[in-house]
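K.L.:
Provided below for reference: sequence and predicted model.
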Amino acid sequence: MNDADIQAAWAAVETLGRRPGAAAIRPLFAADPDRPARMTRRGAGLTLDVSRTAIAPAALDALLALARAADAPGFLARMARGELVNVTEERGAAHMALRAATQPEGTPELVALWRDAQGTLARMRGFAASVHDGTARGATGQRFTDVLNIGIGGSDLGPAMAARALWTPAAPLRAHFLGNVDAHAWEEMRARLDPARTLVLVASKTFTTQETMANAALARAWLVDALGEAGAGAHLAALSTNLPATAAFGVAPDRVFGFHEWIGGRFSLWSAIGLSLALALGVPAFDRLLEGARAMDSHALAAPPTDNLPLLLALTEAWHVNALGYPARAVLAYDERLSRFAAHLQQLEMESLGKGVRADGTPVPRATGAVVFGEPGTNAQHSFMQLLHQAPVPVPADIILVATPDHPHADSHRKLLANGLAQAEALLRGKDAQAVAAEMRAAGRSEAEIAALAPHRVFTGDRPSTLILLPRLDAFALGALVALYEHKVACLGALWGINPFDQWGVELGKQLAGGILPALEGQGSVADPATAATLAALRA
Ligand SMILES: O=P(O)(O)OC[C@H]1O[C@](O)(CO)[C@@H](O)[C@@H]1O
């Protein structure tokens, strides 16, 4: 379809959003007792329930028409085939190929990439096995007990999130993640590590990222200090697409695990960037992670739009951002092991979708990427949930619940689930002035007190949430969950007409930091008066 058709489909969605009562959710339940079942779908072992949104049947029809007009399913299919969906960098987005068990049908470049990735995966498995069985040891002959991944952004957040989610005391190695160039992080980390038993992975797609290179130099010096120049090599490996730079850093070629430039940082968990996971969690767990993502890939590519989890998640976001004007979204994972999940989504979604121009360079005629933030439940309830319940502009929430825990404390888990469900119900149902007054009267409060306090205790309700249910938080389910959001991002890219696979917006700060650094080193000055004044204040 052409752009006029897409804009007409958008206009239909936005017009529905402007209708009086368009944001109301409770009447939808009153009108349709089957709404929970009608708005719940399953795929790759996950359950998605979008019933607690104001998406009425007419809105759903309009959103699905938009998905057709913008050809979101076609965009996913083109991505899977290895077409150049990342138009500004003339690249494909090949993360699905990384987890394909059999040769994908696609462009010759995609097929070659898949073959290479299979080779790298085999080397990763072999290397991890040699560490686990003690064939590969540190310079002093000791077995490795810890793996330190040095990387930032996509070279840190995905593996750090997954290691936090899946690590158990029975796992083969402990994993540590160093991202920030703030050396306080390094000082704290090295105090916990023994160089003789630590394997250091320098994870950087480009192998030029300032923060990672600075931290890698610190870690290398720490290894050399403890083990000598000759000993450090046994403790180093590199995960990168830039093979000349890894060689220059002194990593032995058999310790370099490469990946293709078509793998975007925030989609790279499944590539060599996942080596810390294969090492820390074990190869079977890493394989299951890939399997779960693969199951979601199959679902995303095959399920019809009405049943397609990533597409429904994307359409829900489009409804909230563009039809109702809700600019932010909270992620509440009711599982402490998912405490880094929101951080991963912040990069995945905001670096992908925070764009002001469409793929053809023309301005996007509507709002794009939502602000994403989150904390695990129940902690979030005691920090920012107040705003979600009572601030004038609603903030939709993704509430992630895990049915069965991996601990023996059934009572704690019941409390956790009760709280997650209660938040969804409180956001939806609210509490009106009448109910508040009756409650206060029953508690013996005077009419004057009721008049004064009731407005503060009213919950408007009709605040949306989307529930995602996992049977259990294992590697398969986590793979499916991460891939669900990856494909949601791709679908939103198609709906908004933007390129979700580039990130030009992070470049300016990097360039300017390179210019300010000499001034901090006492060489030269900066042109910007505001920066110059702050530099002077820092010096003072
Ligand atoms: O892996 P690299 O090349 O060090 O890049 C790290 C991160 O930096 C970015 O390029 C920009 O912040 C991210 O997209 C990427 O994940």
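P.N.:
Sure, I can see it.

K.L.:
the stretch 151-300 of the chain: strands as residue ranges?
P.N.:
174-178, 198-203, 236-240, 256-258 (DSSP state E, counting those that start in this stretch).

K.L.:
in a markdown table: those strands, plus distance to the ligand and mean pLDDT.
P.N.:
Just so you know, the C-beta spots here come from the backbone N, C-alpha and C atoms, and that holds for glycine as well. As requested, the strands of the stretch 151-300 of the chain are exported to a markdown table (distance: least, CB to the nearest ligand atom, whole Å; pLDDT from 0 to 100):
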| stretch | distance to the ligand | mean pLDDT |
| --- | --- | --- |
| strand 174-178 | 13 | 98 |
| strand 198-203 | 7 | 98 |
| strand 236-240 | 8 | 96 |
| strand 256-258 | 12 | 96 |
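
K.L.:
mind putting those strands in JSON lines, distance to Pro73 and mean neighbour count included?
P.N.:
JSON lines is the format used below for the strands of the stretch 151-300 of the chain (distance: least, CB to CB, whole Å; neighbours: other CB atoms under 10 Å):
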{"stretch": "strand 174-178", "distance to Pro73": "35", "mean neighbour count": "22"}
{"stretch": "strand 198-203", "distance to Pro73": "33", "mean neighbour count": "28"}
{"stretch": "strand 236-240", "distance to Pro73": "33", "mean neighbour count": "27"}
{"stretch": "strand 256-258", "distance to Pro73": "32", "mean neighbour count": "22"}
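
K.L.:
now the ones you listed as JSON lines including distance to Ala72?
P.N.:
Shown next, in JSON lines, are the strands of the stretch 151-300 of the chain (distance: least, CB to CB, whole Å):
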{"stretch": "strand 174-178", "distance to Ala72": "33"}
{"stretch": "strand 198-203", "distance to Ala72": "32"}
{"stretch": "strand 236-240", "distance to Ala72": "32"}
{"stretch": "strand 256-258", "distance to Ala72": "32"}
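
K.L.:
identify the residue nearest the geometric centre of this structure.
P.N.:
Leu345 (2.3 Å; CA atoms, centre = their mean).

K.L.:
Asn149 belongs to a strand?
P.N.:
Yes. Remark: Asn149 belongs to a strand, assigned using DSSP: H, G, I helix; E, B strand; the rest coil.

K.L.:
let me see the contact set for the closest residue to it other than its chain neighbours.
P.N.:
Counting by CB to CB, 6 or more residues apart in numbering, Asn149 lies nearest to Ser276, which is 4.1 Å off, once chain neighbours are set aside. By CB atoms under 8 Å, 6 or more residues apart in numbering, the contact list for Ser276 reads 147, 149, 159, 163, 175, 177, 201, 203.

K.L.:
go again with 6 Å.
P.N.:
Neighbour list for Ser276: 147, 149, 159, 175, 201 [criterion: CB atoms under 6 Å, 6 or more residues apart in numbering].

K.L.:
how many other residues sit next to the third one?
P.N.:
If I follow you right, that is Pro159. The number of residues packed near Pro159 is 30, by other CB atoms under 10 Å.

K.L.:
and for the second one?
P.N.:
For Asn149, the tally of surrounding residues (other CB under 10 Å) stands at 28.

K.L.:
circling back: so the residue nearest to the centre of the chain is in contact with Ala370, correct?
P.N.:
No. Counting by CB atoms under 6 Å, Leu345 does not reach Ala370; the two are 10.5 Å apart.

K.L.:
ok, now how distant is Ile450 from Lys431?
P.N.:
Relative to Lys431, Ile450 is positioned 14 Å away (CB to CB, to the nearest Å).

K.L.:
which of the two has more neighbours?
P.N.:
Ile450 (18 against 15).

K.L.:
can you tell me which residues contact that one?
P.N.:
Neighbours of Ile450 in contact, by CB under 6 Å, 6+ apart: 437, 440.

K.L.:
how about a cut-off of 7 Å?
P.N.:
Residues in contact with Ile450, defined by CB atoms under 7 Å, 6 or more residues apart in numbering, are 437, 440-441.

K.L.:
what helix or strand does it sit in?
P.N.:
Using DSSP states H and E, Ile450 sits within helix 447-457.

K.L.:
hey, where'd the helices end up in the stretch 151-300 of the chain?
P.N.:
Taking DSSP state H, counting those that start in this stretch, the helices of the stretch 151-300 of the chain run over residues 157-166, 183-190, 210-232, 243-249, 275-281, 283-302.

K.L.:
hey, least reliable of those by pLDDT?
P.N.:
Sorting the helices of the stretch 151-300 of the chain by mean pLDDT places helix 243-249 lowest, at a mean of 90.

K.L.:
point me to the residue of the stretch 1-150 of the chain nearest the ligand.
P.N.:
Closest to the ligand within the stretch 1-150 of the chain is Ile150: 9.7 Å, counting by CB to the nearest ligand atom.

K.L.:
now do the chain
P.N.:
Closest point on the chain to the ligand, by CB to the nearest ligand atom, is Gly265, at 2.3 Å.

K.L.:
neighbours of that residue, how many?
P.N.:
26.

K.L.:
okay, now the closest residue to it other than its chain neighbours: neighbour count?
P.N.:
Once flanking residues are discounted, Gly265 sits nearest to Gly154: 2.7 Å by CB to CB, 6+ apart. When neighbours are counted by other CB under 10 Å, Gly154 registers 25.

K.L.:
next, Asn242: phi, psi?
P.N.:
phi -100, psi 80 (degrees, to the nearest 10).

K.L.:
pLDDT value on it, please?
P.N.:
Asn242 is given a pLDDT of 91.

K.L.:
OK, contacts around it?
P.N.:
206-207.

K.L.:
now do it against Glu507, distance only.
P.N.:
Counting by CB to CB, the gap from Asn242 to Glu507 is 17 Å.

K.L.:
report how many residues lie close to the spatially closest residue to Thr306 that is not a sequence neighbour.
P.N.:
Spatial nearest neighbour of Thr306, excluding adjacent residues (CB to CB, 6+ apart): Leu64 at 6.6 Å. Each residue near Leu64 was counted by other CB under 10 Å, and the total is 19.

K.L.:
now Arg26
P.N.:
Counted with other CB under 10 Å, Arg26 comes out at 14.

K.L.:
correct me if wrong: it contacts Thr460.
P.N.:
No. Using CB atoms under 7 Å, Arg26 is not in contact with Thr460, being 10.6 Å away.

K.L.:
which other helices and strands contact the longest helix anywhere in the chain?
P.N.:
Looking across the chain with DSSP state H, the single longest helix is helix 108-132. With contacts defined as 3 or more CB pairs under 7 Å, 6 or more residues apart in numbering; DSSP states H and E, the packing partners of helix 108-132 are helix 95-98, strand 256-258, helix 275-281, helix 283-302.

K.L.:
what angle separates it from helix 283-302?
P.N.:
160 degrees (axes from the mean of the first three to the mean of the last three CA atoms, to 10 degrees).

K.L.:
mind listing what's buried in helix 108-132?
P.N.:
Going by neighbour count (16 or more other CB atoms under 10 Å), the buried part of helix 108-132 is 109-110, 113-114, 117-118, 120-121, 123-125, 127-128, 131-132.

K.L.:
give me every residue in the stretch 51-200 of the chain lying close to the ligand.
P.N.:
By CB under 6 Å from any ligand atom, the part of the stretch 51-200 of the chain that sits against the ligand consists of 151-155.
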